[in-house]
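[1] Here's a sequence, model it:
(chains A and B)
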There are 2 protein chains.
Amino acid sequence: MTNKEIEEGTGFAPRFDANGLISAIVADEKSGEILMLAHMNAEALERTIATREAWFYSRSRKSLWRKGETSGNTLRVSVMKVDCDQDAVLLEVAVEGGGKTCHTGRRSCFYREVPLGGGKQPLTFAE
Amino acid sequence: MTNKEIEEGTGFAPRFDANGLISAIVADEKSGEILMLAHMNAEALERTIATREAWFYSRSRKSLWRKGETSGNTLRVSVMKVDCDQDAVLLEVAVEGGGKTCHTGRRSCFYREVPLGGGKQPLTFAE
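    Predicted coordinates for the structure are as follows:
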């Protein structure tokens, strides 16, 4: 596939990295809030497309993982988008169960702010 | 650092992968629209924090990259967040110049939808 086909074509040709993974951004389908970033191997991607429920690949546990399998907070995918060079996908989801996506019990994994401007100041909690 | 310190602490301890990179999600500070996903090495992250302008590391060109350097579409970062395990950041930005983030001339890199349900149907253009 040429770059033009990858970027402007209608063929889905996910570009997995050297570890066989692509990045998946997860956002709330209604509010647009960014909930988490995870990774998918080919099988996780295929299962997510087939079932409309988010599957990922855990790099630390080295295993396929149906999000929410233990917590009940599964992700129902309404829209999946792919980026220009097809090495990342975006999932627009409804969070089922308790509505929490982060394993710390928070809705989003992005709950701390990094102070800008330099100076190594501490993180601040955004929620 | 323990997992608890990484997840619940106020110390910024970005966890770079085997290639020395972390993922950076870029979202519009006003609309919340997800514009792109890129990667940062330690220097790109440090420059972004210091200057409030987004710097990335290009995996294909193997070089540090100030987003918008040639196009003029620099990214002014208003908020940076880090996720629970500190291997991804989220940048809330204003896109300067022509307001386009994608190198294809579109506002967002996520301009195509992947049909769900299986069956290998073609991508559809979302904008």
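[2] Next up, phi/psi of A:I25, please.
    A:I25 adopts backbone torsions of phi -90, psi 140, taken as degrees, to the nearest 10.
[3] Where does pLDDT dip in chain A?
    For chain A, the stretches flagged by pLDDT under 70 are A:127.
[4] Longest helix of it, counting residues only.
    For chain A, the helix with the greatest residue count under DSSP state H is helix A:42-51.
[5] contacting residues around it?
    Here helix A:42-51 makes contact (C-beta atoms under 8 Å, 6 or more residues apart in numbering or on different chains) with A:14, A:16, A:20, A:22, A:40, A:53-57, A:64-66, A:77, A:80, A:89, A:91, B:114-118. In this view, the C-beta of every residue, glycine as well, is placed from N, C-alpha and C.
[6] how about a cut-off of 7 Å?
    A:14, A:16, A:20, A:40, A:54-57, A:64, A:77, A:80, B:114, B:116, B:118 (C-beta atoms under 7 Å, 6 or more residues apart in numbering or on different chains).
[7] Now for the residues you listed: which two are most distant?
    Maximum pairwise distance among the contacts of helix A:42-51 (C-beta to C-beta): 21.9 Å, between A:G20 and B:L116.
[8] Can you list phi and psi of A:L116 for me?
    phi -100, psi 160.
[9] Is it in contact with B:M80, as I believe?
    Yes: the pair A:L116 and B:M80 qualifies as a contact (C-beta atoms under 7 Å) at a distance of 6.1 Å.
[10] Comparing the two, which residue is more hemmed in?
    B:M80 (24 against 17; other C-beta atoms under 10 Å in any protein chain shown).
[11] Quick one: residues contacting that one.
    By C-beta under 7 Å, 6+ apart, the residues touching B:M80 are A:E113, A:V114, A:L116, B:I49, B:V89, B:L91.
[12] try 8 Å
    Going by C-beta under 8 Å, 6+ apart, B:M80 touches A:E113, A:V114, A:L116, B:T48, B:I49, B:V89, B:L90, B:L91, B:E92.
[13] For those residues, which single residue is the most surrounded?
    Neighbour-wise, the contacts of B:M80 (other C-beta under 10 Å) top out at B:L91, 26 neighbours.
[14] Let me know the helix or strand that the closest residue to A:V79 other than its chain neighbours is in.
    Sequence neighbours aside, A:E92 is the residue nearest to A:V79 in space, at 4.1 Å (criterion: C-beta to C-beta, 6 or more residues apart in numbering or on different chains). Secondary structure assigned from DSSP states H and E places A:E92 in strand A:88-95.
[15] That concludes my questions; thank you for your assistance.
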